[in-house]
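1. next comes the sequence, and after it the predicted model I'd like to discuss.
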Amino acid sequence: MKMFLKRKKAKLAITDEQIDIILDNLCAFGEFQKIYFLWRPYLSDPKDDHVLEVAVASGTKSIVTYNLKDFKGVHKFGIQAVTPGKFLKVIR
């Protein structure tokens, strides 16, 4: 995520230092989630399987992503894949 944000820093109009602060704060509010079962391979893009695994292990209800096509079938785990815009509308 850090590399993605730093590649987009000009578009986001923020500095590397601001990106580091944002990510540090997100991590400070996060909770470590141990994963006891791997669902690999499950998704069409194997690079996304770890996202599904942590979502299942943590009992989350939503995966927020622009990449909906690679998260087809997550509803079988009681999880919905939604875009950031839709998620923001839901939590308002």
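-> Structure received. Numbering: from 1, shown residues only.
2. what's the domain layout of this protein?
-> As assigned by automatic domain parsing, the chain contains the domains 1-30, 33-92.
3. start to end distance for the longest one?
-> End-to-end distance of domain 33-92: 26 Å, with CA to CA, to the nearest Å as the criterion.
4. save the domains of the chain as TSV, and put in mean pLDDT too.
-> TSV is the format used below for the domains of the chain (pLDDT from 0 to 100):
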stretch	mean pLDDT
domain 1-30	85
domain 33-92	94
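5. go through those domains and pick out the most buried.
-> domain 33-92 (a mean of 14; mean count of other CB atoms under 10 Å). Every residue, glycine included, has its C-beta placed from N, CA and C.
6. how far out from the middle of the chain is it?
-> 7 Å (CA atoms, centre = their mean, to the nearest Å).
7. as a check, name the ranges of all helices in the protein.
-> 2-7, 9-12, 16-29, 49-58, 84-91 (DSSP state H).
8. any idea how far Ala13 is from Asp24?
-> 19 Å (CB to CB, to the nearest Å).
9. now Gln33
-> Per CB to CB, Gln33 is found 32 Å from Ala13.
10. now do Gly59
-> If you go by CB to CB, the gap between Gly59 and Ala13 works out to 36 Å.
11. can I get stretch 7-19 in CSV, CA atoms only?
-> C-alpha atoms of stretch 7-19 as CSV (Å, rounded to 0.1, in the frame of the first residue of the first chain):
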residue,chain,number,x,y,z
ARG,A,7,3.5,6.4,-6.7
LYS,A,8,0.2,8.4,-6.6
LYS,A,9,1.5,11.2,-4.2
ALA,A,10,1.4,13.9,-6.9
LYS,A,11,-2.2,13.1,-7.7
LEU,A,12,-3.0,13.0,-4.0
ALA,A,13,-1.0,16.2,-3.3
ILE,A,14,0.7,14.8,-0.3
THR,A,15,4.3,14.1,0.6
ASP,A,16,6.1,10.9,1.4
GLU,A,17,6.3,12.0,5.1
GLN,A,18,2.5,12.6,5.2
ILE,A,19,1.9,9.1,3.6
